[in-house]
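Enquirer: My questions concern the predicted model and sequence given below.
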There are 2 protein chains.
Amino acid sequence: MVNDTRQLNRMAVLTELLRIRPASRKQLAAASGLSAATVTRAVEQLIAEGVLVETSELVSEQRGRRAVLLDVVADRTFVVGVDLGASNARILLADLVGTPVERRELATPVRADAAELAEWLASAARDLAGDRWDRVERLYLGLPGAVGRDGSTISNAPNLPQVEAPGFLELVRLAADRPVGADNDANLALLGEQHFGAARAAPTAVMVTIGAGLGAGIAIDGRILRGARGVVGEFGQLPAGPLGTRLELMVTGPGIMRLAAEAGVRLGSPADLFATDASEPVRALRAHFDQAMLIVLTAATVSCEPEVIVLGGGIAKSLARDLGRYETVLEHHLGTAPRLTASELGDFAGATGAVVAALHEVYRSMGIDERAFGDLPVAAAV
Amino acid sequence: MVNDTRQLNRMAVLTELLRIRPASRKQLAAASGLSAATVTRAVEQLIAEGVLVETSELVSEQRGRRAVLLDVVADRTFVVGVDLGASNARILLADLVGTPVERRELATPVRADAAELAEWLASAARDLAGDRWDRVERLYLGLPGAVGRDGSTISNAPNLPQVEAPGFLELVRLAADRPVGADNDANLALLGEQHFGAARAAPTAVMVTIGAGLGAGIAIDGRILRGARGVVGEFGQLPAGPLGTRLELMVTGPGIMRLAAEAGVRLGSPADLFATDASEPVRALRAHFDQAMLIVLTAATVSCEPEVIVLGGGIAKSLARDLGRYETVLEHHLGTAPRLTASELGDFAGATGAVVAALHEVYRSMGIDERAFGDLPVAAAV
DNA sequence: TCATTTTGATTTCATCCAGCAATCAAAGTC
DNA sequence: GACTTTGATTGCTGGATGAAATCAAAATGA
């Protein structure tokens, strides 16, 4: 049968429970639109499978029988999300509902070859998980490069070329003995910000990460836009500088230093460009930078009309003061502008997004409808 | 019941029939994954409702009972698609499966106010449909401006400001006594090319229209990307020209003429810029144009990594020779490039897309799952 | 203290619907 | 004219839902 009603309804109940956790059977019936009888039967089966448990009863002032609260068994399943940067790796262990339980920041073993890197990743994950390792169901990696739509072809990762080796992900899979997924780090950072950070409740959003390079992730209606070859969001490649230079050469850390050198200006670090008491030649450089940034932001805006653009990465930290100004100019040019905001999750945005992506895979394997992934997992109410 | 199996399966059968028309019950069972018994019952009901009919039997060389072919009753329902341009309006009558039955090109009554324009549209539609008018279920308009996500707020239509009047669509609805939808003309042109033109079988595609203005439509996985305020695809707003001028001022017809005048070059028409025997100063202008075009094309590529970019509009006609060159440069910059191709539907792309959009509304009202819209209606096999 | 009320969960029961398999229908083949 | 083959229909069974009755567990009030 194409349409297995039973399974469908069971998953609808589970989905609602993940959304409004914990909840009574009655609440689930109302939220899912199913009858109380069906919910009772679905819950019965889910409890038998060990997916749900009855938790403490809801204490209320009302009269009448007390509702029995249900919750998913969160600590039966864990995932590990890794943001494998060119210099540092952030690694995060989270449970089935997305609660982070362990986090760690390590130096990436940049000299390791693909096999050694895979081994290192697996042992780092094992280490982080400790005795929960046998309950870890998946790893997910954020990589500083383009990941093809198939989720295995990796290219364009000049800062960590080992990961481009064919079969790298397979090596990680073998070393960790777990399914492994991967995506571009900018995509995952956006996914993280959408579920737990600055882009909460913004199903259509862009995250621009500016540091050593320029990358962007685009999410439309809660889904990360992933091209076949991973060039989505490469706004840095726009040949929009003077003489057709690429924007990447203008707004990234190395680009700023190079431009300054060419102009005969001495900068201690890229951050000096943004000093409030800068000298006149630095200000001139700054004007060029601003123009390039505006092109990037305009391109991001017209590419999908996001509700919010999140800025992350080293350079973005220096831009906090300027977001309002950029927003005004965008509004002036386009008649409307997305909200510009700094990353909330900072260095762990990528690892957080990797956790979210890993959980989506787990949810998929459980049979939950993909259309619910936009708002799952839900950030725990504070 | 949240999940009405019966209705779901009936619509699955109808959807498959729309895809592989005409087909026997057995074919439908195979295509939909349902059992033959269920298909028989679903078809019985659909025939009773007048949605399907049995057509001539399939004559085959095989032995055995002949399959009875089924087809949707296409001429029971029509839609009208209109591309309301600033100077010309194209209007198209099509049946339920997207077969165009009447087409007409009229001068837009540019001096009419909103109410008069609405009346004019309604009578043009009535006129085109003739005695089929009572079977016309919907109108759909392509407008030279931004249409909000709600499908009624229209803005940014300087070339036909009447349509910005609040309630314009409501006036059309009243005048035609039919439901009316609207979208940006570039979006609809893309939709048309995706279903019947150059972007067939390309679920992710961009269409860039360059004429008096620059507009673009973006489709991802068969769905037109529609922003809340309609700035999606406004690549012409990128402030990427010299001194931050907008690209729109460089690649459109008026922009070309203006740049030429500023450079002291005399051009009879924008098309002269693309003459093969151009003089040296014209070639210099042409180089600037090419650079601006490359920025637009790069922006379009990194915005969603389309499989194909369709170029339409007056200026694009002059670019046919250059598409290969652009493609090569893009490939060189990005490592990968979409296929660049000229519009196949030409002036009627927008009206065709309006028909497709109208049919989607009709399909939706019939209960067909939106996820099937990506490949419905299907272009008739030649 | 105990009947009453209220609310949540479960169970009973009628109904609906899909799929399997048997049957019917309509052709060609030997 | 019996047999084979293929497509469509129908009888039957099992599974799943929802409405309503029932059970369960609490507070309330006489």
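Expert: Arrived safely.
Enquirer: which bits of the stretch 251-382 of chain A sit near DNA strand C?
Expert: Contacts of the stretch 251-382 of chain A with DNA strand C, taken as CB under 7 Å from any atom of the strand, are absent. Yep, even glycine has a C-beta here, placed from its N, CA and C like the rest.
Enquirer: Point me to the residue of the stretch 251-382 of chain A nearest DNA strand D.
Expert: When distances are taken as CB to the nearest atom of the strand, the stretch 251-382 of chain A reaches nearest to DNA strand D at A:Gly367, 13.5 Å away.
Enquirer: Run through the residues of the stretch 1-150 of chain A sitting next to DNA strand D.
Expert: So far as CB under 7 Å from any atom of the strand goes, the stretch 1-150 of chain A lies against DNA strand D at A:5-6, A:9, A:34-38, A:41-42, A:57, A:62-66.
Enquirer: now with 10 Å?
Expert: Applying CB under 10 Å from any atom of the strand, one finds that the stretch 1-150 of chain A approaches DNA strand D through A:1, A:4-10, A:12-13, A:29, A:32-42, A:45, A:57, A:59-66, A:68.
Enquirer: And chain A, split by domain according to the record?
Expert: Domain assignment for chain A by automatic domain parsing gives A:5-72, A:76-191+A:347-375, A:200-343.
Enquirer: re the thing from before, need the pLDDT of the residue of the stretch 251-382 of chain A closest to DNA strand D.
Expert: As predicted, A:Gly367 sits at a pLDDT of 94.
Enquirer: which residue packs closest to it, ignoring adjacent ones?
Expert: Leaving out its chain neighbours, the residue that sits closest to A:Gly367 by CB to CB, 6 or more residues apart in numbering or on different chains is A:Met11, at 5.0 Å.
Enquirer: Doesn't that neighbour lie inside a strand?
Expert: No. Counting by DSSP: H, G, I helix; E, B strand; the rest coil, A:Met11 is located in no strand; its state is helix.
Enquirer: my guess is A:Asp221 meets A:Ala205, correct?
Expert: No. A:Asp221 is beyond contact range of A:Ala205, at 10.3 Å (criterion: CB atoms under 8 Å).
Enquirer: between those two, which one's more packed in?
Expert: Neighbours were counted for A:Asp221 and for A:Ala205 using other CB atoms under 10 Å in any protein chain shown; A:Ala205 has more, 28 against 13.
Enquirer: what are the bridge partners for that one, then?
Expert: Beta-bridge pairing for A:Ala205 (DSSP bridges): A:Ala219, A:Val308.
Enquirer: Could you give the residue of chain A that lies closest to DNA strand C?
Expert: For chain A, CB to the nearest atom of the strand, closest residue to DNA strand C: A:Gly64, 2.2 Å.
Enquirer: Give me the three-state assignment for that residue.
Expert: A:Gly64 ends up coil, using three-state DSSP.
Enquirer: tell me the phi and psi of it?
Expert: phi 90, psi 170 (degrees, to the nearest 10).
Enquirer: burial measure for it, as a count.
Expert: For A:Gly64, the count of nearby residues is 6 (other CB under 10 Å).
Enquirer: circling back to that earlier point, from memory the residue nearest to A:Gly367 sits against A:Arg364, does it?
Expert: No. If you go by CB under 8 Å, A:Met11 and A:Arg364 don't touch, sitting 10.8 Å apart.
Enquirer: Count the neighbours of A:Leu84 for me.
Expert: 29.
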